[in-house]
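Asks: Sequence first, then the predicted structure:
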Amino acid sequence: MGKNENIEMITGDPKKAINKLSLPIIGSMFLILVNNIIDSIWVAGLGAEPLAALGYVTPLFMILVGFGNGLGAGGNSLISRYIGAEDKASANNAAIHNLILSFIVSIIISIIFIALMEPMLNMMGAGSVIGYAMDYGFIIFALTFAILMPPIVGAAFRAEGDVKRATIPIALAAIINMILDPIFIYPMGMGIKGAALATALGPFISLLLMLYWIYVKKDTYLSYDFKDFHNDFKMYKDILVVGIPASLEQLVLSVLTIFVNYMLTIVSGPVAVAVYTAGWRIINIGMVPAIGVGTAAISVAGVAYGAKKYENLRVTARYAVKVALIASIIVCIILNVFSNQIAFIFSYSKSSADLAPMIASFLQIMCLFILYVPFGASAGNVFQGVGKGTISFVLTTFREFILVLIFAYLLGFTFNMGEFGIYCGMLLGGGIGSLICYACIELYINKLIKGEKNGI
């Protein structure tokens with residue numbers, strides 16, 4: 001198959017592959033989330049209302065990001081399986097299909113979100129800050145292609161083990177956003193519109209860099225030459241079989257956030273939403289190690305499955321959980337100890353100073369959520385890697401939309417525990433659901449190994 005160093009790595013020891021793939025992924029994801037937090041920090045300087053508006057748009061924005069990551073997972077899975085089966089021609093063709101699909105989907109999503117944005121925001125309870133929310137959301141969704149395509153193209157790089165090209169553009173986008181945010185918001189006087197424009201311009205520049213590597217420099221392992229392209233609707237289907245469920249997983253998480261925002265609005269109003277928005281972005285940073293390791297596991301699991309090395313598949317799942325759990329424990333301790341100092345970055349202005357103690361309390365409670373993520377994320381990503389995206393989606397839906405939501409409602413309203421009850425319910429539902437997810441991947445891999453031994 002004309003293997004290079006990256007291919008040798010991705011098809012070798014699963015532990016070494018996860019280590020090499022996950023660290024750059026974690027680094028780039030960390031920059032992205034820090035970038036999102038910086039968005040919140042600068043917007044917080046405008047007051048509590050713009051920050052709350054950002055909180056109402058965030059679930060919709062995360063749906064968009066979810067489509068990018070989901071379709072990327074679909075392309076990553078398919079390409080990885082072809083690489084594992086040593087079929088480079090099909091891997092090349094799958095990469096081109098992945099690129100075409102990303103462009104088509106981005107246009108469709110842009111049209112839908114712009115058309116439905118205002119009624120969706122009103123349904124979420126953003127009426128008091130709808131003007132700010134619309135100003136931010138319109139710019140974001142008009143430039144959907146710039147945000148959606150980089151993670152999809154980057155996933156194809158990751159499938160071939162090209163870690164640098166998969167992560168450098170994503171990190172570059174975050175850095176550009178960090179630089180442009182304060183300039184657009186304050187000196188240029190664009191306010192929340194400036195935050196949105198900076199958020200979209202970063203990924204757009206990273207996309208240009210990716211296309212330069214593919215079509216100008218032409219030194220990627222996978223070939224994107226349309227002369228060798230053979231349209232195959234089965235490849236689109238295979239990408240979507242994993243990509244749509246993976247995208248819907250983010251949709252489920254975003255819908256959950258919408259419901260949580262709504263419940264918090266009922267018990268405490270927009271201030272509680274502002275606290276949740278700021279605090280949850282910190283918690284998302286704490287999840288980065290587990291999600292990064294899980295993302296790396298998609299490629300490693302896909303290669304192992306394509307090569308029919310099912311024992312390597314088990315090693316991938318278990319090692320991913322082990323590494324992610326160790327990192328998550330460390331992060332959880334840090335967030336708990338330094339919660340007051342972290343909360344201060346969201347309350348530096350007079351108009352948001354009252355949020356500090358509430359954000360600190362939120363972090364001390366919800367940092368425990370990070371401890372459950374390694375089990376659910378690793379299991380879901382391994383399922384995606386082997387092409388079983390629907391299973392991953394069903395498990396995520398059961399965990400987040402059923403268990404988390406039910407327990408949050410029960411403790412928050414039925415037992416009249418208010419905000420604290422909502423947060424405790426999220427912890428309880430997430431913990432139970434994550435352990436169930438991991439048990440399912442162990443059972444699935446055991447079934448594959450037994451079937452191989454029995455000649456099935």
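Replies: Happy to help now that I have it. The structure presented is a predicted model; accordingly, all values stated were derived computationally and were not measured.
Asks: Ile168: neighbouring residues, count only.
Replies: Look at Ile168: counted by other C-beta atoms under 10 Å, it has 19 neighbours. Quick note: C-beta positions are derived from backbone N, CA and C, even for glycine.
Asks: dump the residue contacts of it.
Replies: 28, 209 (C-beta atoms under 8 Å, 6 or more residues apart in numbering).
Asks: Recalculate using a threshold of 10 Å.
Replies: Neighbouring residues of Ile168 by C-beta atoms under 10 Å, 6 or more residues apart in numbering: 24, 27-28, 154, 157, 206, 209-210, 213.
Asks: go on, Thr199?
Replies: By C-beta under 10 Å, 6+ apart, the neighbours of Thr199 are 35-36, 39, 61, 136, 139-140, 143, 146-147, 173-174, 176-177, 180-181, 184.
Asks: Next step: those restricted to strands.
Replies: Nothing among the contacts of Thr199 maps onto strands, per DSSP state E.
Asks: In helices only, show me the residues you listed.
Replies: Of those, the ones assigned to helices by DSSP state H are 35-36, 39, 61, 136, 139-140, 146-147, 173-174, 176-177, 180-181, 184.
Asks: quick one on the thing from earlier: of all the contacts of Ile168, which two lie farthest apart?
Replies: Maximum pairwise distance among the contacts of Ile168 (C-beta to C-beta): 19.1 Å, between Gly27 and Trp213.
Asks: ok, the closest residue to Leu395 other than its chain neighbours to Phe393 distance?
Replies: Of all residues not flanking Leu395 in the chain, Cys437 sits nearest, at 4.6 Å (C-beta to C-beta, 6 or more residues apart in numbering). Distance, Cys437 to Phe393, by C-beta to C-beta, to the nearest Å: 11 Å.
Asks: Common neighbours of these two, please.
Replies: With C-beta under 10 Å, 6+ apart, Cys437 and Phe393 have common neighbours 380, 383.
Asks: ok, now which ones touch Gly154?
Replies: Neighbours of Gly154 in contact, by C-beta under 10 Å, 6+ apart: 25, 28, 68-69, 72, 75-76, 162, 165-170, 206-207, 210.
Asks: quick one: which helix or strand includes it?
Replies: For Gly154, the host element (DSSP states H and E) is helix 144-159.
Asks: Just the CA coordinates for that helix, please, in CSV.
Replies: Taking only C-alpha atoms (Å, rounded to 0.1, in the frame of the first residue of the first chain), the coordinates of helix 144-159 have been written out as CSV:
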residue,chain,number,x,y,z
THR,A,144,-21.4,27.8,8.3
PHE,A,145,-19.0,26.3,5.6
ALA,A,146,-16.0,27.9,7.3
ILE,A,147,-16.8,26.3,10.6
LEU,A,148,-18.1,23.0,9.4
MET,A,149,-15.5,21.9,6.8
PRO,A,150,-12.2,22.1,8.7
PRO,A,151,-13.0,19.4,11.3
ILE,A,152,-14.3,17.1,8.4
VAL,A,153,-11.2,17.6,6.3
GLY,A,154,-9.0,17.3,9.4
ALA,A,155,-10.6,14.0,10.2
ALA,A,156,-9.4,12.6,6.9
PHE,A,157,-5.9,13.7,7.7
ARG,A,158,-6.2,12.0,11.1
ALA,A,159,-7.4,8.8,9.5
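Asks: pLDDT averaged over it - what is it?
Replies: Averaging pLDDT along helix 144-159 yields 91.
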